[in-house]
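Asker: What follows is a predicted protein model with its sequence.
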Amino acid sequence: MTTRRIGMECCACGQLFTSDSSFRKHRVGLYGEPIYDSKKQVDGYTKHTRTCLTEVEMLEKGMMKNEKGLWTTGEFDASAFAKEA
Ligand SMILES: [Zn+2]
């Protein structure tokens, strides 16, 4: 792990993001949800499908990389302009 403090790195795909919102935008799919049987007992879990978007998919969603190579949501992102060191 590097110690650079700009943005955040996804430990799954290694992409860098300017903010929590852009990070969340690249994560799609569902966490495993409990499935209950008729007695309201947990009978199992749905498939865990949480995954990362690829670069192409992120671009299709309107996300953009900034000049530092960090992904932004592509929308106005106040945190991207917050206290630049
Ligand atoms: Zn990722």
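Answerer: Ah, there it is.
Asker: per-residue confidence for residue 78?
Answerer: pLDDT recorded at residue 78 is 61.
Asker: can you give me the helices for this protein?
Answerer: Remark: helices assigned in the chain by DSSP state H are 20-25, 55-60.
Asker: need the residues of this structure near the ion, please.
Answerer: Counting by Cβ under 5 Å from the ion, the chain comes close to the ion at 10, 12-13, 52. Any C-beta I mention is one placed from the backbone N, CA and C, and that applies to glycine too.
Asker: shaky segments in the chain?
Answerer: Along the chain, segments meeting pLDDT under 70 span 1-5, 76-85.
Asker: can you pull out the strands in it?
Answerer: Counting by DSSP state E, the chain has strands at residues 8-9, 16-17, 27-28, 34-36, 42-45, 51-52, 64-65, 71-72.
Asker: partners of the third one, with directions?
Answerer: When pairing is defined by DSSP bridges, strand 27-28 lines up against strand 51-52 (antiparallel).
Asker: Kindly report the same for the longest one.
Answerer: For strand 42-45, the pairing partners within the sheet under DSSP bridges are strand 34-36 (antiparallel).
Asker: just to revisit the earlier point, pick the most deeply packed of the strands of the chain.
Answerer: strand 71-72 (a mean of 24; mean count of other Cβ atoms under 10 Å).
Asker: quick one: contacts of that strand?
Answerer: 15-19, 22-23, 26, 58, 63-66, 80 (Cβ atoms under 8 Å, 6 or more residues apart in numbering).
Asker: Next, report how far that strand is displaced from the centre of its chain.
Answerer: Once both centres are worked out by Cα atoms, centre = their mean, to the nearest Å, strand 71-72 turns out to sit 10 Å from its chain's centre.
Asker: Same check on stretch 30-50?
Answerer: 23 Å.
Asker: Report how far apart the opening and closing residues of that stretch are.
Answerer: Terminal residues of stretch 30-50 are spaced 5 Å apart (Cα to Cα, to the nearest Å).
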